[in-house]
Each structure stands twice: as C-alpha cells, then as structure tokens.
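Undergrad: model this:
(chains A and B)
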Protein chains: 2
Amino acid sequence: MSGRRIAGPEIEKLIQLLARVPGLGPRSARRAALQMIKKKDQLMGPLAEAMALVHERVTTCSTCGNADTSDPCAICSDPRRQTGTVIVVEEVADLWALERAAAMPNVLYHVLGGVLSPLDGIGPDDLSIAALVDRVHAGGISELILAVNATVEGQTTAHYITDRLADYDVAVTRLAHGVPVGGELDYLDDGTLAAALKSRTKF
Amino acid sequence: MSGRRIAGPEIEKLIQLLARVPGLGPRSARRAALQMIKKKDQLMGPLAEAMALVHERVTTCSTCGNADTSDPCAICSDPRRQTGTVIVVEEVADLWALERAAAMPNVLYHVLGGVLSPLDGIGPDDLSIAALVDRVHAGGISELILAVNATVEGQTTAHYITDRLADYDVAVTRLAHGVPVGGELDYLDDGTLAAALKSRTKF
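TA: All right, here's what the predicted structure looks like:
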C-alpha cells in the first residue's frame, strides 16, 4: 500500500499476526480479519477471550509432554487409560492425530518433543527420552508403541529408545508399514510397496 | 472423539472458534491451535491482544461505511483523497481489494453494505443509498464510479443509484467489462467475450 494507511494500525497489526497462523496467508488473513470485524460479537470477541484464556492456562504435562490446561493432562489423569500401554510420539500434533483416529482409546502417550538429528545438533538430552526411561523404570508400563515418523531421524530415534530400554521388561513395538487404506498401489513409492509385501498377512 | 476429552475445555473451545474463521476448517483449526500453543508468547499472546483491541475499537465510518478504528476512517480523513471521485462498492472487502490494487490512490469510497435483492427482502432502505445521495447533495463529488459486482443484483443496484442521482451534476461511471489481465480466452464465458468485443479499443 506504499506507506498509505487504509485502516487503523490496530487492524493492520491484527492482519499481520493472522497471516502468521498456519493455514492463513497474507490474503486470507485480510479476509479473516474482515469476517471477524463483520461478526464482531459472535466471533472476534469470543475468539480473543478463548485465546487469552488458553494463553494464560496452557501448560506442558509434566508426565507425558502433552499440551493442556491441566497438569497432569486430561489424558494422563483418565483412570480408564491406565492399561499399561504408552504410545511414543514426536510431537503433540501426532498425539492429537492418534486420538482423532481413536483406534486405541485406552492408551497413554509420551511426547518426545522431536527426533534425534545430529546434523541439527539435537541429541538425546534435547528430547524427553530420560523422562520416558524414568516412566518405564517406575513400572506399570507393559508395552511401548513407537509411533515416530517413518523418516531416517524417526527410525534412528526409535532404535536409540529401544537400546536404552533393553534392560527393562517392556514390549517395544512400532507402527506397521504398508499400503495406506484407500491408497492406490500405482502411486506408492517402492519402499512402501516392498514393506507391504514383506509384512503381507493371511487373507 | 465420542465424548472423551483429549484436551482441556479451553483448548477445545479455541479450536471450535478457530474453525469458524474463513480459510480454516476443523482440521486446520486444530493445527493452528497447536502452532499457537507452541508459539505461545510470540503468536498467541499478541494475537489475543490485537483481537481484543480491534474488537474494542473497530467501528463503521459514518461517512463511507468502511470498517476502521477511527470515525471518520483513515481514508475519509486523508486530505490527499479529496479529489471529488468516490468509488461505490458493495462491501468493505471490495474497498480493501481496490486499495490493494492501488490503481486510483486518491479516491474516496462509499460502502453500500450489500446489493438490492427483492427475493431476499433487501430494498433501498437496507443499503446506505440515502447516505450516498446525501453525500452527492452536499457537493464536492464530481465522479461516482460504480464498482459493484457484475451480477444481476449488482447491476440492478447500479441502475437504481443512477436513477436516484439523475438530478445531480455528477458523472456516474462503471467498471469496464472485458478479458481479465492474464486470462485465457478459451476459459472465458460467452458474456465476457461478447462484452470484451463490444468494448474493443484501438491497438
């Protein structure tokens, strides 16, 4: 706008901040801001309040690393979930994705906060691996499902965790590799196809 | 999630509200919320504050109908823009789009707040047409550019406004119809092609 103001600085500031929200770009931030102004009391007011409240209350669960407004989080404090199974994930987003899938409703989680990546200078002490070993050491965990991403770093992290837990009586498993449900073979990479063939099951 | 809480009610509320922002759906709202939690103090805090501030201060310009934090708005109070040209638009979004294009920097605007639509029960009194006539009546406006959408309702509204201003010494113009810049003829509708041919200019 070459230095010309078309709206007050408060509105411009709001648009700039909205543009940094993932899923919104500069153009859609402007559209979102306008919609909020239009629905001032139904959308913008409640959203500002909800955001301030979460900002004030959100914390990291000291047990599993989940983001929640209570510590221990809603998942860790659910009595139905104390079944001895813990799913290890890289990020909170992965935990939420698995909860959405709801394939195993009665499990606990452990958020690593990333993966081992020597090139980026991320070692075991940068992740919550020691805390995971402590949880296993404390007992009550019979199975640890490593649900890390199927990347080199993810697999390296999985191997490292398995090594660290070698002395404990805990079953360490990982997610199956294979054809995505609804996926077409033609579009799959060779590695996935090879893994799917290798892990074929009886029909 | 079949009644199971995976995060505190404050976070669930935030996600629900974010999902109502245009450009974000339920899935991207979750991603946006997670990113905000991750960038708690760099993004969520400032955004909550900016939103609350705009919510508190935003108002409708009593002259042109623009949304701004001051009344008259930044555009109406800009002395460089008192050139006698007013662009009439349907919505604030159209005003912002024209300002972004910056093809005519020194103009004022008039936001109608919609278009005439008898089927939806929207008549002249539901739009700020009387206020537009008052502005013209007050003098100082030499040209009125009708930048309403090229829809039936938009064109009806344009004709109605032209009729209402028949007695005033003001030039009423409308946006040109034609081939969009960068557009391919093959993909254009017949109406646009016909309009572009009819309004052809010397090369």
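
Undergrad: for residue A:113, pull up the helix or strand it's in.
TA: Here residue A:113 sits in a region with no helix or strand, counting by DSSP states H and E.

Undergrad: with residue A:98 instead?
TA: Using DSSP H and E, residue A:98 falls within helix A:92-101.

Undergrad: now the helices for chain A?
TA: Remark: helices assigned in chain A by DSSP state H are A:9-18, A:26-38, A:45-57, A:92-101, A:129-137, A:152-164, A:190-198.

Undergrad: next, count neighbours for residue A:141.
TA: Neighbours of residue A:141 under the rule other Cβ atoms under 10 Å in any protein chain shown: 21. All C-beta atoms are positioned from the backbone trio N, CA, C, and that covers glycine.

Undergrad: and it, what pLDDT?
TA: For residue A:141, the model assigns a pLDDT of 95.

Undergrad: pretty sure it contacts residue A:133?
TA: No - between residue A:141 and residue A:133 there is no contact under Cβ atoms under 8 Å: 10.7 Å.

Undergrad: how about the residue nearest the centre of chain A, what does it touch?
TA: Ranked by distance to the mean C-alpha position of chain A (Cα atoms, centre = their mean), the top residue is residue A:93 at 2.1 Å. By Cβ atoms under 8 Å, 6 or more residues apart in numbering or on different chains, the residues touching residue A:93 are B:31, B:34.

Undergrad: how near is it to residue A:82?
TA: 24 Å (Cβ to Cβ, to the nearest Å).

Undergrad: next, the nearest residue to residue A:195 once chain neighbours are set aside: phi, psi?
TA: Spatial nearest neighbour of residue A:195, excluding adjacent residues (Cβ to Cβ, 6 or more residues apart in numbering or on different chains): residue A:177 at 3.7 Å. Dihedral pair for residue A:177: phi -90, psi 150, per degrees, to the nearest 10.

Undergrad: residues in contact with residue A:177?
TA: Taking Cβ under 8 Å, 6+ apart, we find residue A:177 in contact with A:150, A:192, A:195, A:196, A:199.

Undergrad: just the buried residues of these.
TA: Taking 16 or more other Cβ atoms under 10 Å in any protein chain shown as the criterion, what is buried in those is A:192, A:195, A:196.

Undergrad: ok, the residues you listed vs residue B:69, which is closest?
TA: Nearest to residue B:69 among the buried ones among the contacts of residue A:177 is residue A:192, at 53.5 Å by Cβ to Cβ.

Undergrad: do you know how far the closest one is from residue A:203?
TA: 19 Å.

Undergrad: go on, residue A:147?
TA: Residue A:147 is 26 Å from residue A:203, by Cβ to Cβ.

Undergrad: the more surrounded of those two?
TA: residue A:147 (20 against 3).

Undergrad: okay, that one: pLDDT?
TA: Reported pLDDT for residue A:147: 94.

Undergrad: buried sites along stretch A:36-46?
TA: A:36, A:37, A:39, A:43, A:44, A:45, A:46.

Undergrad: quick one: the residues you listed as TSV, columns for pLDDT and distance to chain B too.
TA: Formatted as TSV, the buried residues of stretch A:36-46 follow (pLDDT from 0 to 100; distance: Cβ to the nearest Cβ, whole Å):
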residue	pLDDT	distance to chain B
A:36	93	7
A:37	92	5
A:39	91	8
A:43	94	6
A:44	94	5
A:45	94	5
A:46	94	6
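
Undergrad: of the residues you listed, just say which sits nearest to residue B:51.
TA: The closest of these, once distances to residue B:51 are taken by Cβ to Cβ, is residue A:44, at 5.9 Å.

Undergrad: mind listing what residue A:82 touches?
TA: Applying Cβ under 8 Å, 6+ apart, we find residue A:82 in contact with A:108, A:140.

Undergrad: now it: phi and psi?
TA: phi -80, psi 60.

Undergrad: quick check, pLDDT for it.
TA: Residue A:82 is given a pLDDT of 92.

Undergrad: now what about stretch A:26-44, what contacts it?
TA: Under Cβ under 8 Å, 6+ apart, the answer for stretch A:26-44 is A:11, A:14-16, A:18-19, A:21, A:24, A:47, B:17, B:20-24, B:51, B:54-55, B:58, B:67, B:92-93, B:96.

Undergrad: which of those are buried?
TA: Applying 16+ other Cβ under 10 Å to the contacts of stretch A:26-44 flags A:11, A:14-15, A:18-19, A:21, A:24, A:47, B:17, B:20-21, B:23-24, B:51, B:54-55, B:58, B:67, B:92-93, B:96 as buried.

Undergrad: the helix holding residue A:98 vs helix B:9-18, what angle?
TA: If you take axes from the mean of the first three to the mean of the last three Cα atoms, to 10 degrees, helix A:92-101 sits at 80 degrees to helix B:9-18.

Undergrad: quick check: angle from helix A:92-101 to helix B:26-38?
TA: Using the same axes, to 10 degrees: helix A:92-101 against helix B:26-38 is 150 degrees.

Undergrad: restricting to C-alpha, output helix A:92-101 in PDB.
TA: The C-alpha trace of helix A:92-101 is given here as PDB (Å, rounded to 0.1, in the frame of the first residue of the first chain):
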ATOM      1  CA  VAL A  92       1.700 -33.100  20.300                       C
ATOM      2  CA  ALA A  93       0.200 -32.900  16.800                       C
ATOM      3  CA  ASP A  94       0.900 -36.700  16.400                       C
ATOM      4  CA  LEU A  95      -0.800 -37.400  19.800                       C
ATOM      5  CA  TRP A  96      -3.900 -35.500  18.700                       C
ATOM      6  CA  ALA A  97      -3.900 -37.300  15.300                       C
ATOM      7  CA  LEU A  98      -3.800 -40.700  17.000                       C
ATOM      8  CA  GLU A  99      -6.600 -39.600  19.400                       C
ATOM      9  CA  ARG A 100      -8.700 -38.400  16.400                       C
ATOM     10  CA  ALA A 101      -8.200 -41.900  14.800                       C
END
